[in-house]
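K.L.:
model the following, please.
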Amino acid sequence: MVRKWFIFVIFLLISGGVMADCEIKGIQLMGKVQFVDSFPDFKIQYVDSFPDIKVKMVDSFPDKCGLWQKVDSFPDFKVQVVESFPDLKVQLVDSFPGMD
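P.N.:
Numbering: from 1, shown residues only. Okay, here's the model as predicted:
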């Protein structure tokens with residue numbers, strides 16, 4: 001059992017998977033986000049069920065997990081919206097943002 005857990009943790013670290021502390025590829029999933037068509041920090045797909053993270057778009061103070069503020073310059077991270085093979089599945093919500 002310990003070996004399976006160890007292999008799972010190593011897989012997540014190597015793949016840059018979503019971690020329990022609200023980050024992916026070493027980037028916190030909160031703050032100012034810029035939507036781009038190329039060269040993103042990671043790719044997202046919008047879903048209605050089974051998301052990796054629930055996101056609430058805000059106008060100010062994106063200081064908690066799942067709170068994102070859309071900006072055109074000086075982002076904390078850049079994302080590209082895709083239809084398949086995302087790094088992260090996102091559900092837009094009006095309340096209770098974050099990771100389960």
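
K.L.:
from now on I want contacts and neighbour counts done on CA atoms only, so please keep to that.
P.N.:
OK.

K.L.:
so F35 touches P75, yeah?
P.N.:
No - between F35 and P75 there is no contact under Cα atoms under 8 Å: 9.4 Å.

K.L.:
how close does V36 get to D87?
P.N.:
Remark: distance between V36 and D87 (Cα to Cα, to the nearest Å) = 15 Å.

K.L.:
who has more neighbours out of those two?
P.N.:
Taking neighbours as other Cα atoms under 10 Å, V36 and D87 compare with D87 leading, 21 against 14.

K.L.:
thought that one was touching P40?
P.N.:
No - D87 lies out of contact with P40 (Cα under 8 Å); the separation is 10.7 Å.

K.L.:
where are the low-confidence patches of the protein?
P.N.:
The chain contains residues with pLDDT under 70 at 1-20.

K.L.:
and the helices in it, which stretches?
P.N.:
2-15 (DSSP state H).

K.L.:
could you pull up the residues touching C22?
P.N.:
28-29, 65, 98-99 (Cα atoms under 8 Å, 6 or more residues apart in numbering).

K.L.:
sorry, wrong one. I was asking about Q28.
P.N.:
Shown in contact with Q28 (Cα under 8 Å, 6+ apart): 22, 65.

K.L.:
ok, 6 Å please
P.N.:
Residues near Q28 by Cα atoms under 6 Å, 6 or more residues apart in numbering: C22.

K.L.:
check P97 too.
P.N.:
Contacts for P97 (Cα under 6 Å, 6+ apart) come out as 54-56, 66.

K.L.:
just the residues contacting stretch 73-88, thanks.
P.N.:
The contact list for stretch 73-88, computed with Cα under 6 Å, 6+ apart, reads 32-37, 40-45.

K.L.:
where do the strands sit along the chain?
P.N.:
In the chain, the segments counted as strands under DSSP state E are 23-24, 27-28, 31-35, 42-46, 53-57, 67-70, 77-81, 88-92.
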